[in-house]
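Undergrad: here is a sequence with its predicted model. Questions after.
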Amino acid sequence: MKGIFIFLVIPVTVLIISFFGFYAFWNQADPVTTCASCHEITPSVSTMQSAAHREIKCFECHGTALENGIHSLKEKANMVVAHLSEEKWNTDIRMTETQVLEVMERCANCHQSEYTKWKSGRHSTTYANIFLNPVHNSVERLYWDCFRCHGMFYESDIYNLVTPVSTQGPWELKNPEKAEQPAIPCLSCHQVHTQNEPYQSLAHIQSPNDIPDRNPAFGLYLRSDHMFLRADFLPVPDMNSKGIPVKFSKDPSQVLCVQCHAPGAFHGIGTNDDRTPTGVHEGLNCKSCHEPHSNNPKNSCSTCHPAISNCGLDVETMNTTYSSPASMHNIHFVSCEDCHGEKPGN
């Protein structure tokens, strides 16, 4: 009996040790010899070689084959079956929305400050806040282009997300679990595989001219093309105010903002959800006033203005609300004439 026990235990023990030994090796090995051995993954591994995150192991963002338990094993088993069967295999490998959200949570392991600020800002808005908004939905019917800026990674269409798709509510999500999911996750504006140089501390920099050149660390995920486009490659619109060209900051951060906070078809300042500065703030970019991740503009006035302006007014107590498009003192569009009137002859 003892001999049979040893005969069974030793092979099983060896098998377990071998399995976990190989598992540990796989996670730590160069992805060129592991992940990239699957031809579908090769492009992603190749782009990662020149990315700012090039020193990070794949599993640190994507997790391991066992990290999600049965779900992970089932997913990997399906890949193997698809390869070995006659089923046509989709070589355009993309993460599901669930996987995108899992990666986002791992972003916080290194980018804790940015993640915390994002959570406190409006870009952490949820599906319920966006798609069940009665004010918006009663005026404008939900349609496919909503996903261009909200729910970029949603895997179906508007009819499978919200009911009814009309201007007559009440509205509800077909899948209640999506209600509290973020509609604008980190990967909407950031891509781990984007070509870039690793970040270096600037503590030793003596002059702005000594700051090393670096590609923008942000861009836009284009849902229609299933690709990420770096901010300096995004199209720059020609902006105008009543047909008169307006100076528009070409800073990549401003170009990114205007992709979603966009004007109407004729590129008129202040139309649709546009917030492009004009008037006294013409030419400034959003980042001049808004903190990049929380979008908080608090105390931004004091960055440029004295406590008391040349007009003798405290700029921080002026009514510069943007809540009402009809406000004469909207911070994005306020001009000298709003307070002082037009000059004679104008």
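TA: Looks like it arrived, so ask away.

Undergrad: quick one: stretch 98-108 to chain centroid distance?
TA: Remark: stretch 98-108 is offset 11 Å from the chain centroid, using Cα atoms, centre = their mean, to the nearest Å.

Undergrad: send me it as CSV with only the CA atoms.
TA: Taking Å, rounded to 0.1, in the frame of the first residue of the first chain, the C-alpha atoms of stretch 98-108 are listed here in CSV:
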residue,chain,number,x,y,z
THR,A,98,-13.7,44.2,-18.9
GLN,A,99,-10.0,43.7,-19.6
VAL,A,100,-9.5,47.4,-20.2
LEU,A,101,-11.0,48.2,-16.8
GLU,A,102,-8.8,45.5,-15.2
VAL,A,103,-5.7,47.2,-16.8
MET,A,104,-6.9,50.6,-15.5
GLU,A,105,-7.0,49.3,-12.0
ARG,A,106,-3.4,48.1,-12.3
CYS,A,107,-2.4,51.6,-13.6
ALA,A,108,-3.1,52.9,-10.1
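
Undergrad: and that stretch, which residues are buried?
TA: 99, 100, 101, 102, 103, 104, 106, 107 (16 or more other Cβ atoms under 10 Å). (Each C-beta comes from the backbone N, C-alpha and C, glycine too.)

Undergrad: so which of those are in strands?
TA: Among these, the subset assigned to strands under DSSP state E is empty.

Undergrad: ok, which pair from the residues you listed is furthest apart?
TA: Among these, the pair separated by the greatest distance (Cβ to Cβ) is 99 and 107, at 12.9 Å.

Undergrad: check the contact lists of the two and give me the overlap.
TA: Between them, residue 99 and residue 107 share no contacting residue under Cβ atoms under 8 Å, 6 or more residues apart in numbering.

Undergrad: before we move on, back to that, export the buried residues of stretch 98-108 to TSV and tack on pLDDT and distance to residue 236?
TA: TSV is the format used below for the buried residues of stretch 98-108 (pLDDT from 0 to 100; distance: Cβ to Cβ, whole Å):
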residue	pLDDT	distance to residue 236
99	88	32
100	93	28
101	93	31
102	90	34
103	92	29
104	93	28
106	92	33
107	92	28
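
Undergrad: so which of the residues you listed comes closest to residue 138?
TA: Lowest distance from residue 138 to the buried residues of stretch 98-108 (Cβ to Cβ) belongs to residue 101, with 29.6 Å.

Undergrad: right, and the closest one touches residue 185 too?
TA: Yes - between residue 101 and residue 185 there is a contact at 6.0 Å, judged by Cβ atoms under 8 Å.

Undergrad: quick one, strands of the stretch 51-200 of the chain?
TA: Taking DSSP state E, counting those that start in this stretch, the strands of the stretch 51-200 of the chain run over residues 162-163, 172-173.

Undergrad: dump those strands to a markdown table, plus mean neighbour count, distance to residue 58 and mean pLDDT.
TA: As requested, the strands of the stretch 51-200 of the chain are exported to a markdown table (neighbours: other Cβ atoms under 10 Å; distance: least, Cβ to Cβ, whole Å; pLDDT from 0 to 100):
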| stretch | mean neighbour count | distance to residue 58 | mean pLDDT |
| --- | --- | --- | --- |
| strand 162-163 | 17 | 35 | 96 |
| strand 172-173 | 15 | 33 | 96 |
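
Undergrad: compare those and give me the one nearest residue 63.
TA: Between residue 63 and the strands of the stretch 51-200 of the chain, the tightest spacing by Cβ to Cβ is seen for strand 172-173, at 26.9 Å.

Undergrad: spell out which strands sit alongside the closest one in the sheet and which way each one runs.
TA: Sheet pairing here is set by DSSP bridges, and for strand 172-173 it gives strand 162-163 (antiparallel).

Undergrad: give me the contact list for the partner strand.
TA: Identification of contacts with strand 162-163 by Cβ under 8 Å, 6+ apart yields 131, 132, 142, 171, 172, 173, 174.

Undergrad: roughly how far out does stretch 145-153 sit from the chain middle?
TA: Here the centre of stretch 145-153 is set off from its chain's centre by 11 Å, with Cα atoms, centre = their mean.

Undergrad: same question for stretch 166-183.
TA: Its chain's C-alpha centre and that of stretch 166-183 lie 21 Å apart, by Cα atoms, centre = their mean.
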